[in-house]
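> sequence plus the predicted model coming up.
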Amino acid sequence: MTREQYILATQHNLERPENQQVYQVGIYGWRKRCLYFFVLLLMVTMIINLALTIWILKVMKFSVNGMGNLKITNKGIRLEGKSEFLLPLYVKEVHSRKDSPLMLQSDRNVTVNARNNLGHITGQLTVGSNAVEAQCRRFEVKTEDGKKVLFSADENEIAIGVDKLRVTGPEGAVFEQSVETPHIRAESAQELKLESPTRTLTLEAPKGVHISAAEGELKATCRRELELQSTDGEIFLNAKSIRLGNIPQGLASSSSTSSSNLHQTVYEVCVCPSGKLFLSPASMGSTCQSSSSICLRI
């Protein structure tokens, strides 16, 4: 293109027709005012949101180490003061500070569950207002060092591993079934009483039963019959004096009743064929045969 052609073309492009309209680019009028209003409303909202965020951070005591009483440490999460949990809490270990106890409190009850890999409950401890319940396969109470089991319970048996079991209730201990123990002893200066109010009381041992009262009396009382039985041995009574009270007394002859009652002081012990004992007035010979009519009495 020559220079003249370029000048002519430029002049031709600069010429505007008289009827050509000019359009202004931008937002004017009520649209502009609405835009400014929304921008101002957005700024106010952002300022209020920022102020509320700062207020929440201040009230909740957010910091680099945690939030309020909740502190994040290298060993885990540390809570100071009282904390309230509205939903279940899943943790691996819970322990208190060295100088303060750990207290779990609830308006209804406190339940601690142990689950397996499938989520099934394998152990449960519930502390309620009426009772403390433990649900597990085996319950154990050990000593401080954890080497000796003091108490254990499962479906088959209950074992008490202490050296001495003390029952301080006034009614003592009540057992509905049999009790197996090598030694039963009362507290010092206290009485030992074995009682069955409505049923029989049986003491059995494969090598013998030893009953001893070193400093006191030994009493055996029952409402009906008291039976001492030895199948392969003998019953040996060894004491400074042996007394049999309330033994019925027989009379040798009815004619000498008045005289014998006034002067008789010595009697002999007689035995009926049934084993019943009775007294007969002693004489030069045995009078058991003459007083044997007492054996017929019921």
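Thanks, I have the structure now.

> which parts of this structure are helices?
Assigned by DSSP state H, the chain shows helices spanning 3-14, 30-59, 257-263.

> what sits against residue 147?
For residue 147, no contacting residues are found, by C-beta atoms under 8 Å, 6 or more residues apart in numbering. (Glycine included, C-beta is placed from N, CA and C.)

> care to break the protein down by domain?
82-135, 137-169, 257-296 (automatic domain parsing).

> shaky segments in the stretch 1-150 of the chain?
1-26 (pLDDT under 70).

> most centrally placed residue in the protein?
Most central in the chain under C-alpha atoms, centre = their mean is residue 132, positioned 5.0 Å from the mean C-alpha point.

> what number of residues lie near the closest residue to it other than its chain neighbours?
Nearest-residue entry for residue 132: residue 126, 7.1 Å, with adjacent residues in sequence omitted and distances by C-beta to C-beta, 6 or more residues apart in numbering. By other C-beta atoms under 10 Å, the residues close to residue 126 number 14.

> one more: residue 211?
With other C-beta under 10 Å as criterion, residue 211 counts 10.

> from residue 101, how far out is it?
48 Å (C-beta to C-beta, to the nearest Å).

> please apply the same query to residue 217.
From residue 217 over to residue 101 (counting by C-beta to C-beta), the distance is 50 Å.

> likewise for residue 91?
Note on residue 91: its distance to residue 101, by C-beta to C-beta, is 18 Å.

> and the residue nearest to residue 132, how close does it get to residue 181?
Distance of residue 126 to residue 181, computed by C-beta to C-beta: 32 Å.

> so the residue nearest to the centre of the chain sits against residue 112, correct?
No - contact criterion C-beta atoms under 8 Å: residue 132 and residue 112 do not qualify, at 11.4 Å.

> just list whatever residues bridge to the residue lying closest to residue 288 once chain neighbours are set aside.
Excluding its sequence neighbours, the residue lying closest to residue 288 (C-beta to C-beta, 6+ apart) is residue 270, at 3.6 Å. Taking DSSP bridges as the rule, residue 270 bridges to residue 278.

> is it true that residue 270 touches residue 250?
Yes - Residue 270 is in contact with residue 250 according to C-beta under 8 Å; the separation is 7.2 Å.
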